[in-house]
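**Q** turn this into a model:
(one chain, ligands or ions: 2)
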Amino acid sequence: MKLLVRGVTVVDPATGIRPHTDILIEDGVIAEMADFLPSGDAQILQADGWLCAPGLVDMHVHLRDPGQTYKEDIYSGCRAAAAGGVTAVACMPNTTPAADSPAIIREILQKAETADARVYPVAAITKGLAGEEQTDFAALKAAGAVAVSDDGRPVPTAGMMQRAMLDARLEGLSVLSHSEDLSLVRGGIINAGETAQKLGVRGISRAAEEVAVAREVAIAGAENLPIHICHVSTAGSVAIIRDAKRRGVPVTCETAPHYFSLTDDLLVTRDANYRMNPPLRTAADVAAIIEGIKDGTIDAIATDHAPHSAEDKADFETAPNGVVGLETSLSAGITWLVNPGHITLKKLIELMSANPTAILGVPGGSVAVGQPADLVLFDTDTAWTVEPDKLVSKSKNTPYAGKRLTGRVMATVCRGKIVYELGE
Ligand code: DOR
Ligand code: ZN
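**A** Numbering: from 1, shown residues only. Ligands and ions are numbered 1, 2, ... in the order given. Alright, predicted model coming up:
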């Protein structure tokens, strides 16, 4: 099977910008790149004038499968990924039952074989995410897990986390920390601050996140064990991680688009589609997140794609946390990071593709001969309005409803196959 992608400008984190390029794909691998390539018997994807980057790798996605497939399943989640230019997702283990056994990891991978994106399962650190008994990392790795996490819940003690980090390193698994101290959350549902006071709801202190980030950094530093911090949302977390990196601590971290684009005053509308965990913070936090992205403190942008149905989200105070993100992440990055001049497009692709592959230890992240043919084709000029009903995901809980975004995914190629074309 051959596919010829015609006339793109390649944006590659490793090699930079290369205009007017044809890319020939054979059997799922990039076979040739040149100014002009004859089509021969290849299928042609006319892409003149579009940008072409390595497929995005979203290292924090909730696919809800098994167990909550009314919100999302592996196929619908991967279709949403394709619509967002995302060719690989790491899926979190807070499914029902939790992804804490080799059998569930194998079941996820088997379903994913025919899905529109690559799926890298993240296995639970503790059985049932209950924070008591560690899972069998060797068996989970052998079944195909690439990382471990109790995401959705923190690992309750520093001692358990230290052992998990040690065992994970032995098995070659990344550890992804949902950094939250539940003893500081105490029923809070949005950021502790003016808006929470105005609404008369309990707030979540930034300390709930920062105490946990400091804990993970202390273990990583003392034991020289790698740790990845999920969904960083506060200025304090950025400062702790920046300082740790300066001291040589093997820590990496991600943030999500909503933390560099939205603030907690939006919650005065009592719309649960602005509720996620960690919560939206203040303008000062947004500025610090952007600074962290610019200076390399923040390594990756991941969505924390967390589908919930309209019924689940109906009541502001009791709704579950989480927002969908796969279909808006590239546009959000272009709109709030690249267009205002905070970072270059090349740096955005590094944050959304090359760096996540490195942290997870999976292939991808580069448009080059011999690399997997996972590509996002997009432009940075087309503006569009986010209409929840038009999202491909089964769930429509986007915090960008009605927002005008710039930059649009035109087509997505995964494993050498066109998995998405705008308007098709
Ligand atoms: O907002 C969130 N949603 N944060 C989490 O940690 C879990 C996630 C979910 O599973 O819905
Ligand atoms: Zn989390």
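
**Q** quick one: the residue in the stretch 201-350 of the chain that ligand 2 sits nearest to from T15, how far?
**A** Closest contact between the stretch 201-350 of the chain and ligand 2, by C-beta to the ion, is at C230 (5.0 Å). The C-beta positions use only the backbone N, C-alpha and C, and glycine is treated the same way. According to C-beta to C-beta, to the nearest Å, C230 and T15 sit 30 Å apart.

**Q** higher neighbour count, those two?
**A** The residue with more neighbours, out of C230 and T15, is C230; 23 against 12, by other C-beta atoms under 10 Å.

**Q** what is the burial count for the spatially closest residue to D41 that is not a sequence neighbour?
**A** In this structure, D41 finds its nearest non-sequential neighbour in K2, 6.4 Å apart by C-beta to C-beta, 6 or more residues apart in numbering. Residues lying near K2 (other C-beta under 10 Å) number 15.

**Q** let me see the contact set for K2.
**A** By C-beta atoms under 8 Å, 6 or more residues apart in numbering, the contact set of K2 is 24-26, 31, 40-43.

**Q** can you tell if stretch 261-270 touches ligand 1?
**A** No - using C-beta under 6 Å from any ligand atom, stretch 261-270 never reaches ligand 1; the gap is at least 13.3 Å.

**Q** nearest to N94 among the contacts of K2?
**A** Nearest to N94, judged by C-beta to C-beta, of these is I25 at 35.4 Å.

**Q** what about the closest one, which helix or strand?
**A** If you go by DSSP states H and E, I25 is part of strand 16-26.

**Q** other SSEs contacting that strand?
**A** Identification of packing neighbours for strand 16-26 by 3 or more C-beta pairs under 8 Å, 6 or more residues apart in numbering; DSSP states H and E yields strand 2-12, strand 29-34.

**Q** for L267, helix, strand, or coil?
**A** helix (DSSP: H, G, I helix; E, B strand; the rest coil).

**Q** count of residues packed around it?
**A** Using other C-beta under 10 Å, L267 has 24 neighbouring residues.

**Q** got a pLDDT number for it?
**A** In this model, L267 is scored at 98, pLDDT.

**Q** and if you look at M1?
**A** Per-residue pLDDT puts M1 at 89.

**Q** same thing with E424?
**A** For E424, the pLDDT comes out at 86.

**Q** outside of the helix or strand hosting V213, which residues touch it?
**A** Assigned by DSSP H and E, V213 belongs to helix 206-223. Residues external to helix 206-223 that are found in contact with it (C-beta under 8 Å, 6+ apart): 154, 158, 161-162, 165-166, 177, 179-182, 184-185, 188, 191-192, 225-227, 229, 232-237, 240-241, 244, 247, 249-251, 278, 281, 285.

**Q** can you flag the buried ones in those residues?
**A** 154, 161-162, 165, 177, 179-181, 184-185, 188, 191-192, 225-227, 229, 232-237, 240-241, 244, 249-251, 278, 281, 285 (16 or more other C-beta atoms under 10 Å).

**Q** helices - which of those residues land there?
**A** 161-162, 165, 235-237, 240-241, 244, 285 (DSSP state H).

**Q** looking at those, which is nearest F260?
**A** D285 (9.4 Å).

**Q** ok, E133 - contacts?
**A** Counted by C-beta under 8 Å, 6+ apart, E133 has contacts 126-127.

**Q** cool, V89 as well?
**A** Applying C-beta under 8 Å, 6+ apart, the residues near V89 are 57-59, 61, 63, 77-78, 81, 117-120, 305, 326.

**Q** residues near the nearest residue to it once chain neighbours are set aside, how many?
**A** Spatially, and ignoring its direct neighbours in sequence, V89 is nearest to V61 (4.1 Å; C-beta to C-beta, 6+ apart). A count of neighbours around V61, defined by other C-beta under 10 Å, yields 30.

**Q** thought S329 was touching V61, still the case?
**A** No - in this structure, V61 is not within contact of S329 by C-beta atoms under 8 Å, at 10.4 Å.

**Q** which neighbours do those two have in common?
**A** Residues touching both V61 and S329 (C-beta under 8 Å, 6+ apart) are T303.

**Q** A235 against I290, yeah?
**A** No - counting by C-beta under 8 Å, A235 stays clear of I290, with 10.6 Å between them.

**Q** for S309, give me phi and psi.
**A** Dihedral angles of S309 (phi, psi; degrees, to the nearest 10) stand at phi -70, psi 160.
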